[in-house]
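>>> okay, sequence plus prediction incoming.
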Amino acid sequence: MTTANLDHWAERADLAAAFRWTARLNLHEAVANHFSLAINDDGTRFLMNPNQMHFSRIKASDLITVDANDPETLTGPNAPDPTAWGLHGGIHRHVPHARCAMHVHSIFATVLASLKDSHLPPIDQNCCTFFNRYVIDDGYGGLAFEQEGARCAALFADPKKRVMIMGNHGVLIIGQTVAETFNRLYYFERACETYIRALQTGLPLRVLPDAIAEKTAQELESYPEQDARHLKELKLILDGEGSNYAG
């Protein structure tokens, strides 16, 4: 079931800030799309945005707490969106290394997911970030209700791969923290934009060798505190504007 307790306030504020900035970047889709963050050891209890609330309005206190193992989850006034329950419940139930999950239909990632070949070649530094670190789901089966969510969760068996290019659908990003996951979401969309715009020129691509792409990916993975500093700066901007995201 869902509850309205306001524990885990720092995590709530981080998640609310991520919602606000995602809306500012226009990476969301209307009142669809969902972010979640595990708050217990096995990951089966998690924070999530309320059903069909616009990302630009979400506050820390609005987030609902969901239990992936409670059959009554989809009943009551605070029930999550059924597709959010299906996808995020499946992730938090079956993928213990996915403490945070962010699913959007952002334009460039979704364009990539709509191509017959949805691979992202290492044509720049941002694209290198994801070299051999994503999985492509080519088995889209309709809205992400519980069966579809479980199927998607099974594709995250390799802990190295923390991005799912959801064919004909969008993108799903996982991570350990809100900062890590949002940073990955941000850079994946940037990488997709670079690739799609490069394709639009019709000119040959300058694809980096695999060895350089892997070296760059490893260097970026070990770059100190980039994700935490990114989110901290975004929160400072929101604070400076008088945003109520942390309310």
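Right, received. Where do you want to start? Note that the coordinates shown come from a computational prediction; the quantities given were computed from them, not determined experimentally.
>>> secondary structure element holding the residue nearest to the spatial centre of the chain?
Within the chain, one residue has its C-alpha closest to the average C-alpha position: by CA atoms, centre = their mean, that is Met102, at 2.2 Å. Taking DSSP states H and E as the criterion, the element that holds Met102 is strand 100-104.
>>> got the angle for the helix or strand that comes right after that strand vs strand 100-104?
Following the chain from strand 100-104 toward its C-terminal end, the next helix or strand by DSSP H and E is helix 107-114. Helix 107-114 runs at 80 degrees relative to strand 100-104, counting by axes from the mean of the first three to the mean of the last three CA atoms, to 10 degrees.
>>> quick one: helix 107-114 to chain centroid distance?
Taking CA atoms, centre = their mean, to the nearest Å, one finds the center of helix 107-114 at 14 Å from the center of the full chain.
>>> check which helices and strands that helix sits against.
The elements that helix 107-114 packs onto, with contact taken as 3 or more CB pairs under 8 Å, 6 or more residues apart in numbering; DSSP states H and E, are strand 163-166, strand 170-175, helix 178-201. C-beta here means a position set from N, CA and C on the backbone, and glycine is covered the same way.
>>> number of nearby residues for Phe108?
Counted with other CB atoms under 10 Å, the burial measure for Phe108 works out to 19 neighbours.
>>> residues in contact with Pro159?
Remark: with contacts taken as CB atoms under 8 Å, 6 or more residues apart in numbering, Pro159 is in contact with His97.
>>> and it, backbone torsions?
phi -60, psi -10 (degrees, to the nearest 10).
>>> gap between it and Gln176?
Going from Pro159 to Gln176 by CB to CB, to the nearest Å gives 11 Å.
>>> again, but for Phe35
The separation that Phe35 has from Gln176, given CB to CB, amounts to 14 Å.
>>> so between these two, which is more surrounded?
Neighbours were counted for Phe35 and for Gln176 using other CB under 10 Å; Phe35 has more, 29 against 14.
>>> so what's that one up against?
With contacts taken as CB under 8 Å, 6+ apart, Phe35 has the following neighbours: Leu15, Ala18, Phe19, Thr22, Met48, Asn49, Cys100, Ala101, Met102, His103, Val178, Thr181.
>>> correct me if wrong, but the fourth one is in a strand.
Read that as Thr22. No. With DSSP: H, G, I helix; E, B strand; the rest coil as the criterion, Thr22 is assigned helix and is not in a strand.
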